[in-house]
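Asks: Pasting the sequence and the predicted model now:
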Amino acid sequence: MKSAESGSELYYDLGIYGLDYHEVLVWAHDHFGVDFSEMNLNEYCPGEPGCVPMELLWPLFKVKNYRSFTVTDLADAIVQGRYQRP
């Protein structure tokens, strides 16, 4: 299990993507009422790979530059009640 720090990127550092990434946002919405309507999830991480194991596709996905979203960004969104795209 990877350790999360305030500057950890959800996708690049923690390896959270697809449905798991979505679940993090749903959790923040359900527990804290955070509005993520300004976030296009496809800009922050890849979707689910389907039937191909992610380990095989990981090098391909790492090439694309996804937007940054850190643990601190998530905490800020919780405090503010919404995610504001930088």
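Replies: That came through fine.
Asks: Can you give me the distance of the closest residue to L25 other than its chain neighbours to A4?
Replies: The shortest distance from L25 to any non-neighbouring residue, by Cβ to Cβ, 6 or more residues apart in numbering, is to F36 (5.1 Å). (Each C-beta comes from the backbone N, C-alpha and C, glycine too.) To A4, F36 is 19 Å away according to Cβ to Cβ, to the nearest Å.
Asks: likewise D13?
Replies: When D13 is compared with A4 (using Cβ to Cβ), they lie 8 Å apart.
Asks: do Y11 as well
Replies: Counting by Cβ to Cβ - Y11 and A4 are separated by 12 Å.
Asks: The two: who's more crowded?
Replies: Y11 (21 against 15; other Cβ atoms under 10 Å).
Asks: contacting residues for the closest residue to the more buried one other than its chain neighbours?
Replies: Using Cβ to Cβ, 6+ apart and skipping the chain neighbours, the partner closest in space to Y11 is C45 (4.1 Å). With contact set as Cβ atoms under 8 Å, 6 or more residues apart in numbering, C45 has these partners: 10-11, 16-18, 21, 66.
Asks: Q84: which of the residues you listed is nearest?
Replies: L10 (16.6 Å; Cβ to Cβ).
Asks: My read is that the closest one contacts R67, right?
Replies: No - L10 is beyond contact range of R67, at 10.5 Å (criterion: Cβ atoms under 8 Å).
Asks: So those two - more neighbours on which side?
Replies: Taking other Cβ under 10 Å, L10 and R67 do not tie; L10 has more neighbours (23 against 16).
Asks: what's the closest non-adjacent residue to that one?
Replies: I16 (4.5 Å).
Asks: Next: E43.
Replies: Per Cβ to Cβ, 6+ apart, closest to E43 is R67, 4.8 Å.
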